[in-house]
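Asker: got a structure for you, letters missing:
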């Protein structure tokens, strides 16, 4: 389980305030960061307030989720919250959406790696049985081979260091891109003010940026002083939102409407500082891939008979999961569409809708008419709107 991977690195006293901040920032800082300039380019400058609003709503949803956890000390995971609110069906629903989100994000990692490596190795390929395999499919397989040994690790006890790396990587990427702008690209693009046709995609990508709620219960339950978690939520959402805004504004000023779904794809590869940003981004998936996929592998293993618990099954399951993600990354190599769909369907559901619904059910507020219930109702309407429009637009744009 994801929660087991999080808790196994903590001592009996629990996680400190600082480590909890790093764990939450690591959860928030990922592929979403490098998509913010593109998200703004789809709608224009007027999309920035939507980024802030979604950040505020996500933070509030995190508070609601934490309040649910406070009602029963035995709740340690997100599926536990679903069970506490709606019984076995709630646990199954939350588990499916949680594992699906965890499964699709690594596919985005592979697509990102292949897209960027192709810029450095455009002629890379191999001949097998008279057939030439080159370009992104070949590079995706190469990345899979590089990641494979990390999937075979029995214990992942480096989470605190991975979290620190995630935080430092985000800062490094932003600073490097700023330096590229100062050192030649400039910040002269005016862009557009408002294009309503791109708003659903922008909102979906913004929702993806704040998809941290799947790990929130685990991080919260591992804290030494749980009463400080609300303060941590405000701090990390503020830091990450400012980071998103800075990169979105500067990236849009640098590349305007030509901003790529991955802003690092816009960077000139000839500059050393560009390579710092690109290589920093490329290392993140290799470090985080196994960490994200392990909970899915553990869930599969826990459902098997006990006499199947051996090293061969352990390696086979993890290898099969990796191979399946490689195949899907090759079959559907559309980074922006994948992230927009994950944001519209999974992140909206798990980060906005489910916390609100579970809170109303656990505290039995759904029959009351109060200001809090009205606010939660508005959040749910906004969430359904973002999810519906984002899903429809992403599918339409890709397959029309």
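Answerer: On my side now, so go ahead. This structure is a prediction, so every number in the text was calculated from the model and none was measured.

Asker: how far away is residue 94 from residue 327?
Answerer: In this structure, residue 94 and residue 327 are separated by 27 Å, where distance is defined by CB to CB, to the nearest Å. C-beta here means a position set from N, CA and C on the backbone, and glycine is covered the same way.

Asker: with residue 320 instead?
Answerer: Using CB to CB, residue 320 is found at 10 Å from residue 327.

Asker: one more: residue 95?
Answerer: Residue 95 sits at a distance of 24 Å from residue 327 (criterion: CB to CB).

Asker: ignoring the adjacent residues along the chain, who's closest to residue 229?
Answerer: The spatially closest residue to residue 229, leaving aside those adjacent along the chain, is residue 220, at 5.3 Å (CB to CB, 6 or more residues apart in numbering).

Asker: which residue is most remote from the mean position of the protein?
Answerer: Most distant from the centre of the chain: residue 130, at 39.2 Å, with distances by CA atoms, centre = their mean.

Asker: ok, now which ones touch that residue?
Answerer: If you count contacts by CB atoms under 8 Å, 6 or more residues apart in numbering, residue 130 has none.

Asker: and it, what are its phi and psi?
Answerer: The phi and psi values for residue 130, taken as degrees, to the nearest 10, are phi 80, psi 0.

Asker: which pLDDT does the model give it?
Answerer: Confidence per residue is given as pLDDT, and for residue 130 that number is 79.

Asker: any idea how far it is from residue 34?
Answerer: According to CB to CB, residue 130 stands 38 Å off from residue 34.

Asker: check residue 235 too.
Answerer: Using CB to CB, one gets 23 Å for the distance from residue 235 to residue 34.

Asker: what's the closest non-adjacent residue to residue 284?
Answerer: Residue 284 sits nearest to residue 169 (CB to CB, 6+ apart), 5.6 Å away.

Asker: and after the one helix or strand the one you found maps to, which helix or strand comes next?
Answerer: Taking DSSP states H and E as the criterion, residue 169 maps to helix 159-180. Downstream of helix 159-180, the first helix or strand assigned by DSSP H and E is helix 199-209.

Asker: residues of that following helix that come out buried?
Answerer: Residues of helix 199-209 classed as buried: 199-209 (neighbour count, 16 or more other CB atoms under 10 Å).

Asker: Three-state assignment for residue 127, please.
Answerer: strand (DSSP: H, G, I helix; E, B strand; the rest coil).

Asker: how many neighbours does the residue nearest to it when sequence neighbours are not counted have?
Answerer: The shortest distance from residue 127 to any residue that is not its chain neighbour, by CB to CB, 6+ apart, is 7.7 Å, and that residue is residue 133. Neighbour count for residue 133, taken as other CB atoms under 10 Å: 15.
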